[in-house]
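Q: no FASTA, just this:
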């Protein structure tokens, strides 16, 4: 079974872009960088500390050039800090147990400095290795270790620059469009259920579905961040016919935030339906006539998210007039239904109806916010 999944992953990496292909490229980069580091160390005549060159290369290769530069700087700084602590102790006091314990303690504390990031663990590791292995008592061995670390870091950077990722905003756009499609499906399903009155309410299922959008939000945000990192220090930008604009990434991020807030309003709406349709609810359940009248408004919301997806609204330099008109019409339907609630339905259920209408109204207004961000982006 595991072998089958492996071949499926290889097939997906070959056929299309995505997580599998990015993983395959990263593996290839690591293999090339480690091999280059080993060959370079061998040509320099190194023998005792040669392993540090490919080891360093494997640790600092990243999907983007910027990420590799960042990790190289932090790793080299951490290794030099650990080697310095070990060298000072080894050349003056020697490999005494108390000295070893003191250096490791100090190195552990120094590794917590925010500058080192996730490479902070290398400070005590290198200090302990250098002292325990005897490297810290010999200036030549200590210098050889540092040289090999620099060789490995240089080979990793060279590999990342040579195999720099393409700057593609399409992946980020697809992440936003997938998010809009998820909201389209959910609001459409809620609308279909409400058309059946209280018997059609599936609040628990809808609650699980909207909670699942949290993962979609994270994936979309991470995808935009990856595209931003790909732009930094990327030599392929010099070969592009048109310079990618970071403003477009800001537009995607604004759309993600707007859609994220919209999902929270859907979550609140579902929570209200769940709490008021339970048998032990302290609020009276909404009348079936109201649920059936609310259904077309949520159907309009589903159609709006469908339009965002199909017309690729986050990619447009200006919001489409069709989308504007759809949102305004849907908000008008909410206002009409709210006036009917005030005139025709009893006061006992009015707080429930008001809560459901408010969540629906705010859901639609978030789409308004999404395309208003596009207009503001022109002034950035």
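A: Sure, I can see it. These figures come from a predicted structure and were not determined experimentally. Residues are numbered from 1 along each chain as shown.

Q: Is residue 171 in a helix, a strand, or coil?
A: Following DSSP: H, G, I helix; E, B strand; the rest coil, the label given to residue 171 is helix.

Q: how is this protein carved up into domains?
A: Structurally, the chain divides into domains by automatic domain parsing as follows: 2-162, 170-377.

Q: Let's have these in TSV, adding mean pLDDT and mean neighbour count.
A: The C-beta positions use only the backbone N, C-alpha and C, and glycine is treated the same way. As requested, the domains of the chain are exported to TSV (pLDDT from 0 to 100; neighbours: other C-beta atoms under 10 Å):
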stretch	mean pLDDT	mean neighbour count
domain 2-162	86	18
domain 170-377	82	18
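
Q: tell me what the strand or helix carrying residue 127 is packed against?
A: Under the criterion of DSSP states H and E, residue 127 resides in helix 122-132. Contact here means 3 or more C-beta pairs under 8 Å, 6 or more residues apart in numbering; DSSP states H and E; on that basis helix 122-132 packs against helix 65-92, helix 97-110, helix 139-162.

Q: Quick one: distance of the shortest one to the chain centre.
A: Centroid separation for helix 97-110 versus its chain: 37 Å, with C-alpha atoms, centre = their mean, to the nearest Å.

Q: ranges for the helices of the protein?
A: 2-15, 19-43, 52-60, 65-92, 97-110, 122-132, 139-162, 170-194, 203-211, 213-231, 246-277, 288-310, 321-344, 350-377 (DSSP state H).

Q: List just the one of the ones you listed that sits closest to residue 116.
A: Closest of the helices of the chain to residue 116 is helix 65-92, at 5.0 Å (criterion: C-beta to C-beta).

Q: list the helices and strands the closest one packs on?
A: Packed against helix 65-92 by the contact rule (3+ C-beta pairs under 8 Å, 6+ apart) you find helix 52-60, helix 97-110, helix 122-132, helix 139-162, helix 213-231.

Q: how about those, which one is nearest residue 335?
A: helix 213-231 (27.3 Å).

Q: how much does the closest one deviate in direction from helix 170-194?
A: Put simply, helix 213-231 runs at 170 degrees to helix 170-194, going by axes from the mean of the first three to the mean of the last three C-alpha atoms, to 10 degrees.

Q: Compute the inter-axis angle for helix 213-231 and helix 65-92.
A: 80 degrees.

Q: Which elements pack onto helix 213-231?
A: helix 65-92, helix 170-194, helix 246-277.

Q: For residue 210, see how far away the spatially most central residue of the chain is.
A: For the chain, the residue nearest the mean C-alpha position is residue 222 (1.6 Å; C-alpha atoms, centre = their mean). Distance of residue 222 to residue 210, given as C-beta to C-beta, to the nearest Å: 20 Å.
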